[in-house]
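Peer 1: based on what follows, work out the 3D shape:
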Amino acid sequence: MPLHPSTFAVLGAGLMGRLLAVELARQGHSVDIYDAGGPAAEHSAATVAAAMLAPLAESAITEPGVVRMGHHALTRWPQLLAPLAQPVFFQQAGTLIVWHRQDAAEAQRFTRQLEANQNTLPELPPLQKLDSSAMATAEPALAHRFAQGLYLPGEGQLDNRQLLAALVVDMERLSVRMHWHTPQSPESFAPGTPGQPDWVLDCRGLGAKGQWPALRGVRGEVVRIHAPDVTLQRPTRLVHPRYPIYIAPKEDHLFVIGATEIESDDLSPASVRSTLELLSAAYAVHPGFAEGRILEVATQCRPTLPDNLPAIRQPRRGVLEINGLYRHGFMISPALLDVTLEVLNTGQSPLSQRFDLALDLEPSRLAPSSAAAPVFA
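Peer 2: Below is the predicted model of the structure:
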């Protein structure tokens, strides 16, 4: 079907808003994007993230639909990154899971849970149990500290801040009109009327709480460390009953370390306790972190719905709200992008059924009055 150019107002220039703006502009549409902050995405949860793509590892704490979204992302991210004018670090070397001897019982429980989840989701590559010899091959830097572990093949990661910056470059290249420090809400627009956009896409995360009162913040804290003495080949997770941490190695010996998940909208600086736990656990994984340099201790709140699952809803004609990405933003955003494009094109989404994604759509309200044809070919 021929492409029918439309006009879009995207509210929120975090991860989801930037992905949609770039894809819509690439398809030939006219796009304006509005954000309360600036191009550095300083108010976005996506800035404070490890950007791991770990569907099997995350299956221990989330639903099968989210895991299927994560599996979808492992194919989609390379496709989304390839056209960008600026390179973005992307790695698909799997996930390593380790534990200290005193936490062996917790590790056994975790392993059984992952194995059970694999039976439910056979599309995921099977986990591999590593003995000391296999550990030495998989991650030589940890061979003398951990006698066993798990390897989850196929999982990946990317550099969140490189991606956010690259998406700004492409928005400029594709003539997206960027309105920084200009907060807007859907009530500011009347889609489909003269002089107004055909569609409003609300991707503001917690900024949309006024329109979506069920949203809540789940606070996360991460430390960014430059540690030249540490070499890890892939994201590594430490099993621990109280503070299971992750260490995501980026380029040039930069490491993003996190674990904390606090039910709070508080955006104050990280607590001493949280910071000490993160740094102590990282040092327990690799002593080279002792001589690393702390570049940043950052906090942010992830937008979360009551069931901890994402949702797309359509409150009125020409308005779509995409929200609730919780702690899985980079892992599930390609799936939410593709579902949104299907909805814009056809008014429905077969993909959403595969992902068990909540869609609250009113067919009579979907198409703006000025749209005579689907918006995508």
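
Peer 1: where do the helices sit along the protein?
Peer 2: Applying DSSP state H to the chain gives helices spanning 15-26, 55-58, 64-81, 104-120, 132-138, 160-173, 272-285, 329-346, 350-354, 363-366.

Peer 1: where among those helices is average confidence lowest?
Peer 2: In terms of average pLDDT, helix 363-366 trails the rest of the helices of the chain, at a mean of 58.

Peer 1: if we can go back for a sec, now the helices of the chain in JSON lines, with mean neighbour count and distance to Trp180?
Peer 2: Bear in mind the C-beta positions are built from the backbone N, C-alpha and C, glycine included. Listed next are these as JSON lines, based on neighbours: other CB atoms under 10 Å; distance: least, CB to CB, whole Å:
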{"stretch": "helix 15-26", "mean neighbour count": "24", "distance to Trp180": "12"}
{"stretch": "helix 55-58", "mean neighbour count": "25", "distance to Trp180": "32"}
{"stretch": "helix 64-81", "mean neighbour count": "20", "distance to Trp180": "23"}
{"stretch": "helix 104-120", "mean neighbour count": "14", "distance to Trp180": "42"}
{"stretch": "helix 132-138", "mean neighbour count": "15", "distance to Trp180": "44"}
{"stretch": "helix 160-173", "mean neighbour count": "20", "distance to Trp180": "10"}
{"stretch": "helix 272-285", "mean neighbour count": "17", "distance to Trp180": "31"}
{"stretch": "helix 329-346", "mean neighbour count": "23", "distance to Trp180": "21"}
{"stretch": "helix 350-354", "mean neighbour count": "15", "distance to Trp180": "32"}
{"stretch": "helix 363-366", "mean neighbour count": "13", "distance to Trp180": "30"}
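
Peer 1: now render these as a markdown table, adding distance to Gly318.
Peer 2: Shown next, in a markdown table, are these (distance: least, CB to CB, whole Å):
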| stretch | distance to Gly318 |
| --- | --- |
| helix 15-26 | 14 |
| helix 55-58 | 33 |
| helix 64-81 | 26 |
| helix 104-120 | 38 |
| helix 132-138 | 51 |
| helix 160-173 | 22 |
| helix 272-285 | 43 |
| helix 329-346 | 10 |
| helix 350-354 | 19 |
| helix 363-366 | 8 |
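
Peer 1: which one, of the ones you listed, ends up nearest to Pro5?
Peer 2: Among these, the nearest to Pro5 by CB to CB is helix 15-26 (10.1 Å).

Peer 1: quick one: contacts of that closest one?
Peer 2: Taking CB atoms under 8 Å, 6 or more residues apart in numbering as the criterion, the residues outside helix 15-26 that touch it are 8, 10-11, 13, 31, 33, 35, 41, 44, 46, 80, 83, 160, 163-164, 167-168, 170-171, 174-176, 201, 203-204, 322, 325, 329-330, 333-334, 336-337, 340-341.

Peer 1: hang on, the earlier thing: tell me which of the helices of the chain sits nearest to Arg224.
Peer 2: Comparing the helices of the chain by CB to CB, helix 160-173 comes nearest, at 9.5 Å.

Peer 1: and the angle from that closest one to helix 64-81?
Peer 2: Between helix 160-173 and helix 64-81, the angle comes out at 60 degrees (axes from the mean of the first three to the mean of the last three CA atoms, to 10 degrees).

Peer 1: distance between helix 160-173 and the chain's centre?
Peer 2: Remark: helix 160-173 is offset 15 Å from the chain centroid, using CA atoms, centre = their mean, to the nearest Å.

Peer 1: ok so, going back, closest to Leu295 out of the helices of the chain?
Peer 2: Across the helices of the chain, Leu295 has its closest neighbour in helix 160-173 (11.6 Å, CB to CB).

Peer 1: relative to helix 329-346, how tilted is the closest one?
Peer 2: Per the same axes, to 10 degrees, the angle that helix 160-173 makes with helix 329-346 is 30 degrees.

Peer 1: and helix 160-173, what other elements does it pack with?
Peer 2: Applying 3 or more CB pairs under 8 Å, 6 or more residues apart in numbering; DSSP states H and E, we find helix 160-173 packed against helix 15-26, strand 177-179.

Peer 1: same thing but 7 Å
Peer 2: Applying 3 or more CB pairs under 7 Å, 6 or more residues apart in numbering; DSSP states H and E, we find helix 160-173 packed against helix 15-26.

Peer 1: could you export the helix it packs on as PDB, CA atoms only?
Peer 2: Extracted in PDB, the C-alpha atoms of helix 15-26 (Å, rounded to 0.1, in the frame of the first residue of the first chain):
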ATOM      1  CA  LEU A  15      14.300   6.100  24.500                       C
ATOM      2  CA  MET A  16      10.800   5.400  23.200                       C
ATOM      3  CA  GLY A  17      10.200   8.900  21.900                       C
ATOM      4  CA  ARG A  18      13.500   9.100  20.100                       C
ATOM      5  CA  LEU A  19      13.100   5.700  18.500                       C
ATOM      6  CA  LEU A  20       9.600   6.600  17.300                       C
ATOM      7  CA  ALA A  21      10.600  10.000  16.000                       C
ATOM      8  CA  VAL A  22      13.500   8.600  14.000                       C
ATOM      9  CA  GLU A  23      11.500   5.700  12.500                       C
ATOM     10  CA  LEU A  24       8.500   7.900  11.600                       C
ATOM     11  CA  ALA A  25      10.800  10.500  10.000                       C
ATOM     12  CA  ARG A  26      12.600   7.800   8.100                       C
END
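
Peer 1: any idea of the angle it forms with helix 64-81?
Peer 2: Using the same axes, to 10 degrees, the direction of helix 15-26 lies 50 degrees away from that of helix 64-81.

Peer 1: switch to numbering from 558
Peer 2: Okay, using 558 as the starting number, the last item reads as helix 572-583.

Peer 1: off-centre distance for helix 572-583?
Peer 2: 15 Å.

Peer 1: pretty sure His738 is in contact with Gly595, am I right?
Peer 2: Yes. Between His738 and Gly595 there is a contact under CB atoms under 7 Å: 6.3 Å.
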